[in-house]
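Novice: pasted the sequence and its predicted model underneath.
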There are 2 protein chains.
Amino acid sequence: MSTFIERLDAAAARNRSLLCVGLDPWRPAMPVDDIAEFNRAIIAATSDLVCAFKPQWAFYEAEGVAGLEALHATIDAVPDDVPVVLDAKRGDIGNTAVAYAHAAFETWGADALTVNPYQGRDAAQPFLDRADRGVFVLVRTSNPGSAEFQDLQVRGPETVAPFFEEVARQVVAWNEHGNVGLVVGATVPDELARVRRIAGSMPILVPGVGAQGGDLEASVRNGTDVHGRRALIAAARSVIYASKGSDFAKAARAEAERLRDAINAELKRMGKPWA
Amino acid sequence: MSTFIERLDAAAARNRSLLCVGLDPWRPAMPVDDIAEFNRAIIAATSDLVCAFKPQWAFYEAEGVAGLEALHATIDAVPDDVPVVLDAKRGDIGNTAVAYAHAAFETWGADALTVNPYQGRDAAQPFLDRADRGVFVLVRTSNPGSAEFQDLQVRGPETVAPFFEEVARQVVAWNEHGNVGLVVGATVPDELARVRRIAGSMPILVPGVGAQGGDLEASVRNGTDVHGRRALIAAARSVIYASKGSDFAKAARAEAERLRDAINAELKRMGKPWA
């Protein structure tokens, strides 16, 4: 079986895309009632335009067990050659983390999972040990209050650096199986550039383009590696709710295409177009 | 409707107990196959000995939607006058956090929820805003690797302090509705004492007594407030898997009683027995 990074790179190259579409069903915005039906239409309309899909666990859980059934159906509807990053920000210890890894990777069948670093490496280990799956660790998030803790100045043996940089450096050390990525919001492009310098060629998931107002071009420029790859530029609401009418899937495709092309135009300006 | 703290204080006083029993169904250790049946028996055998029950979300999720149905049945089986702390360590931003709060408090009907602080106050706000429900924020966790980030030395305007103390101070400031608590592991009694000094009379959830080897007496001494109250001393495996035989509920009751009595003996030594 291929690794998550191989599947991600293959999907990105095949679709010439760093776009990751978020599948965040939110009833007041949805043009149809059925979550699985809605997602199937979005997936069918955009799966040749993305490097990955990213369902956000909370929106399924809020619908109860029926919502989590719909998450099964959603992940099943994604073509096998497009990876699924389950955004659940898990974090817990020992056998609890083992249970979360089992749920994400076996029960729901995700290719990768987002994880919260607060409890340290031993808590992340059951996720990290899954060499065939991806683990994206939160580093610097896209919300306005993310600086409260993530930007605190931390004293090392010889240096002082923001907390999120210390987390990034540790997360790089956790990457023994080559399956780890980092999460940095599109709303903080300077911090994204600093994390990219620490992360080398590890993948970075960059949410917050679109409805949250992140800068697309800066995300591409600062988030990609030296080859102009390995960033997952994620947008959800601006794509999947592009239209509230019966043309919602067509409108989602048009917006996904627009974003992919804007990303690729920036890659071209950087001298790193797709082959 | 009463607040979470009122319900917690009432259950503690009525049962003369600071013991919180964790409901962590783990198939290899369970003496019966059905999770809801197992939990109903444990709850019936121990609900007059505890101040709260604490189901750990991961163990239900790992069983798929059937497991999360069993979580519904479990929470429904807890007597109305015993609060349920859902241990799911949620943390996400904006409308995603709103969805998580809805799931925990409405869909599953928990009285309180554990929350991860990494993303800062605005991410926690949808939980904090639920004045009738409790929010326990991770501060210093019980796992061996918790020091990796939580003990980093952080530079404030005039002082240098470990990161977890800075988190504790912020969490105290988040407590505008009087519904916030903190989580500190029983395995780190010195850190527990430091957090208690910061937290005043806010409740502290103290997991790690029992299977994780935390010190029960030190947890009571260092975790309670000036009145010898407001700590939830949590044990799961050592209680619910006290016997693998058909007498499992009776054995769970005996172990819960032993723990409650050991806690109360320490309160008496401290000169703070139940009225």
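Specialist: Okay, I see it. Quick caveat, the model's predicted, so the values are computed rather than measured.

Novice: every contact and neighbour count from this point should use C-alpha atoms.
Specialist: Noted.

Novice: show me what the longest helix seen in chain A is packed up against.
Specialist: Determined from DSSP state H, the single longest helix within chain A is helix A:248-269. With contacts defined as 3 or more C-alpha pairs under 8 Å, 6 or more residues apart in numbering or on different chains; DSSP states H and E, helix A:248-269 has these neighbours: strand A:19-23, helix A:35-46, helix A:216-223, helix A:237-240.

Novice: now do the same end-to-end measure for stretch A:117-131.
Specialist: Using C-alpha to C-alpha, to the nearest Å, the end-to-end distance of stretch A:117-131 comes out at 18 Å.

Novice: for A:Thr224, give its distance to chain B.
Specialist: Computed as C-alpha to the nearest C-alpha, to the nearest Å, the A:Thr224 to chain B distance reads 23 Å.

Novice: in contact with the nearest residue to that residue once chain neighbours are set aside, which residues?
Specialist: What sits nearest to A:Thr224 in space, not counting adjacent residues and going by C-alpha to C-alpha, 6 or more residues apart in numbering or on different chains, is A:Ala231, at 5.0 Å. A:Ala231 makes contact with A:18, A:203-206, A:220, A:223-225, according to C-alpha atoms under 8 Å, 6 or more residues apart in numbering or on different chains.

Novice: likewise A:Glu166?
Specialist: Per C-alpha under 8 Å, 6+ apart, neighbours of A:Glu166: A:Val154.

Novice: give me the phi and psi for it.
Specialist: With angles defined as degrees, to the nearest 10, A:Glu166 sits at phi -60, psi -40.

Novice: can you check A:Gly271 too?
Specialist: Per degrees, to the nearest 10, the backbone of A:Gly271 is at phi 80, psi 20.

Novice: could you measure it against chain B, distance?
Specialist: 35 Å.

Novice: how many residues are close by that residue?
Specialist: A total of 11 residues lie near A:Gly271 under the criterion other C-alpha atoms under 10 Å in any protein chain shown.

Novice: export the helix or strand that contains A:Val206 to CSV, keeping only CA atoms.
Specialist: A:Val206 belongs to strand A:204-207 when assigned by DSSP states H and E. Provided in CSV are the C-alpha atoms of strand A:204-207 (Å, rounded to 0.1, in the frame of the first residue of the first chain):
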residue,chain,number,x,y,z
ILE,A,204,1.4,22.0,5.4
LEU,A,205,-2.4,22.2,5.5
VAL,A,206,-3.4,25.9,5.1
PRO,A,207,-7.1,26.5,6.0
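
Novice: could you give me the average pLDDT of it?
Specialist: Average pLDDT, strand A:204-207: 98.

Novice: so what touches it?
Specialist: With contact meaning C-alpha under 8 Å, 6+ apart, strand A:204-207 is reached by A:136, A:142, A:181-186, A:196, A:219, A:223-224, A:230-235.

Novice: coming back round to it: ok, so of the contacts of A:Ala231, who is nearest B:Ile35?
Specialist: Of all the contacts of A:Ala231, B:Ile35 sits closest to A:Leu205, with 36.6 Å by C-alpha to C-alpha.

Novice: roughly how far does that closest one sit from A:Glu257?
Specialist: 19 Å.

Novice: neighbour-wise, which of those two wins?
Specialist: Using other C-alpha under 10 Å, the more surrounded residue of A:Leu205 and A:Glu257 is A:Leu205, with 26 against 19.

Novice: so in chain A, where's the weakest helix or strand by average pLDDT?
Specialist: Every helix and strand in chain A was compared by mean pLDDT, DSSP states H and E; the lowest is strand A:153-155, with a mean of 91.

Novice: got the contact list for the next helix or strand after it?
Specialist: Next helix or strand after strand A:153-155 toward the C-terminus (DSSP H and E): strand A:160-162. With contact meaning C-alpha under 8 Å, 6+ apart, strand A:160-162 is reached by A:150-155.

Novice: now stretch A:161-181, how far from the chain's geometric center?
Specialist: Put simply, stretch A:161-181 sits 16 Å off its chain's centre (C-alpha atoms, centre = their mean, to the nearest Å).

Novice: for that stretch, measure first residue to last.
Specialist: Stretch A:161-181 end-to-end distance (C-alpha to C-alpha) = 21 Å.

Novice: what mean pLDDT would you report for that stretch?
Specialist: On average, stretch A:161-181 scores 97.

Novice: read off the pLDDT value for A:Met1.
Specialist: Reported pLDDT at A:Met1 in the predicted model: 69.

Novice: again, but for A:Glu158
Specialist: Looking at A:Glu158, the pLDDT reads 75.

Novice: can you pull the contacts of it?
Specialist: Shown in contact with A:Glu158 (C-alpha under 8 Å, 6+ apart): no residues.

Novice: before we move on, the earlier item: quick check: the farthest pair among the contacts of strand A:160-162?
Specialist: A:Gln150 and A:Arg155 (13.6 Å).

Novice: run through the strands of the stretch 51-200 of chain A in chain order.
Specialist: A:52-55, A:85-90, A:112-115, A:134-140, A:153-155, A:160-162, A:180-184 (DSSP state E, counting those that start in this stretch).

Novice: can you put these in a markdown table and add mean neighbour count?
Specialist: Converted to a markdown table, the strands of the stretch 51-200 of chain A look like this (neighbours: other C-alpha atoms under 10 Å in any protein chain shown):
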| stretch | mean neighbour count |
| --- | --- |
| strand A:52-55 | 26 |
| strand A:85-90 | 24 |
| strand A:112-115 | 26 |
| strand A:134-140 | 28 |
| strand A:153-155 | 22 |
| strand A:160-162 | 16 |
| strand A:180-184 | 27 |
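
Novice: could the ones you listed go into TSV alongside distance to A:Ile5?
Specialist: Listed next are these as TSV, based on distance: least, C-alpha to C-alpha, whole Å:
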stretch	distance to A:Ile5
strand A:52-55	11
strand A:85-90	12
strand A:112-115	10
strand A:134-140	7
strand A:153-155	31
strand A:160-162	28
strand A:180-184	9
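
Novice: of all those strands, which lies closest to B:Ala58?
Specialist: For the strands of the stretch 51-200 of chain A, proximity to B:Ala58 was assessed by C-alpha to C-alpha; strand A:85-90 is nearest, at 9.3 Å.

Novice: list the helices and strands the closest one packs on?
Specialist: Using 3+ C-alpha pairs under 8 Å, 6+ apart, strand A:85-90 sits against strand A:52-55, helix A:57-61, strand A:112-115, strand B:85-90.

Novice: contacts for the longest one, please.
Specialist: This means strand B:85-90. A:89-92, B:52-58, B:97, B:100, B:104, B:110-116, B:134, B:138.

Novice: one more: the third one?
Specialist: Applying C-alpha under 8 Å, 6+ apart, the contact partners of strand A:112-115 are A:4, A:83-91, A:104-105, A:124, A:133-138.

Novice: so which of the strands of the stretch 51-200 of chain A gets nearest B:Ala242?
Specialist: strand A:85-90 (28.7 Å).

Novice: okay, the angle between that closest one and strand A:19-23?
Specialist: Here strand A:85-90 runs at an angle of 60 degrees relative to strand A:19-23 (axes from the mean of the first three to the mean of the last three C-alpha atoms, to 10 degrees).
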